[in-house]
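> could you look at this predicted model? Sequence included:
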Amino acid sequence: QVQLVESGGGLVQGGGSLRLSCAASGSIFSINAMGWYRQAPGKQRELVAVITSGGNTNYADSVKGRFTISRDNAKNTAYLQMSSLKPEDTAVYYCSADHRARTELAIRRYWGQGTQVTVSS
């Protein structure tokens, strides 16, 4: 089992910045991609950004140039630096980790509990 714990959410004014962290713990063998998703009230969960174990990244068009995803493989931690925040960025942000156990070939996706980000206008 792998546990993910997010931190760093909160209330910020439009134009401000926040940094989210996601720490993985438990029986970790190999974490492939780590990602950030968000879900606003009444909307489906959407991908914000993803980073592979090799550092390749991909972003939603809506956050390109404003958000930066990074990770520290030694600490099994991913980060999301969010800048120039807009009210439409308001959502619960979830961290994900694609993990392969030592004795398995299949990759399982784990989720954090979510952290609220609220951007005021």
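Received the coordinates, thanks.
> when you work out contacts or count neighbours from here on, use the C-alpha atoms and nothing else.
OK.
> tell me which residue lies farthest from the centre of this protein.
Farthest-out residue of the chain from its mean C-alpha position, per Cα atoms, centre = their mean: T103, at 26.4 Å.
> kindly provide the distance from that residue to V12.
The gap separating T103 from V12 is 44 Å, by Cα to Cα, to the nearest Å.
> try G55
G55 is 28 Å from V12, by Cα to Cα.
> repeat that for Q39.
For Q39, the distance to V12 - Cα to Cα - is 17 Å.
> what's across from the residue nearest to the spatial centre of the chain in the sheet?
The centre of the chain sits closest to W36, judged by Cα atoms, centre = their mean, with a distance of 2.5 Å. Here W36 sits in beta bridges with A49, C95, as judged by DSSP bridges.
> is it in contact with S96, as I believe?
Yes - proximity of W36 to S96 meets the contact threshold set by Cα atoms under 8 Å, at 6.2 Å.
> G55 and V12: which is more packed in?
Set G55 next to V12 and count neighbours by other Cα atoms under 10 Å: V12 wins out with 18 against 14.
> please identify the helix or strand for the more buried one.
strand 10-13 (DSSP states H and E).
> now for whichever helix or strand comes after that strand, which elements pack on it?
Counting by DSSP H and E, the next helix or strand C-terminal to strand 10-13 is strand 18-26. Applying 3 or more Cα pairs under 8 Å, 6 or more residues apart in numbering; DSSP states H and E, we find strand 18-26 packed against strand 2-7, strand 77-82.
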